[in-house]
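Asks: Prediction below, plus the sequence it came from.
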Amino acid sequence: MKRFNIFENVHFSEDKEIEEIIFENQNIKAIRIVSLNQKTDFMKEENLELVLVARGKAKLLINDEIINLKEGDFLEIPAHTSHKIIEQENVIWYCIFSKK
């Protein structure tokens, strides 16, 4: 059993998002992503992605729709859905990726 606190040892970087794997097995991968103000290119995951904004706020572009997220917001991003972050401010993301 592994214990992890997503609010401990948080370090923001001006250069890049910082990803840390919290848990991984054959079915899922859970990661913490710490983002200062970075934007991303379009992404498309092979499987379901679940994201929670634990701290901060962000704006995503998903299939030509702008989605605003704030602390506590949870979002399901279906497999093969084109999405990118167009704006964010001091965000701690908790993300779960399905592997099946």
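Replies: Right, received. Where do you want to start? Residues are numbered from 1 along each chain as shown.
Asks: Show me what L52 is bridged to.
Replies: Beta-bridge partners recorded for L52 (DSSP bridges): F74, Y94.
Asks: what about the helices in the chain?
Replies: For the chain, applying DSSP state H gives no helices.
Asks: Please enumerate the strands of it.
Replies: Remark: strands assigned in the chain by DSSP state E are 18-24, 28-35, 49-62, 65-70, 74-77, 83-98.
Asks: I'd like those as JSON lines, with mean neighbour count appended.
Replies: No exception for glycine: its C-beta is placed from N, CA and C like everyone else's. Formatted as JSON lines, these follow (neighbours: other C-beta atoms under 10 Å):
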{"stretch": "strand 18-24", "mean neighbour count": "13"}
{"stretch": "strand 28-35", "mean neighbour count": "19"}
{"stretch": "strand 49-62", "mean neighbour count": "18"}
{"stretch": "strand 65-70", "mean neighbour count": "12"}
{"stretch": "strand 74-77", "mean neighbour count": "14"}
{"stretch": "strand 83-98", "mean neighbour count": "17"}
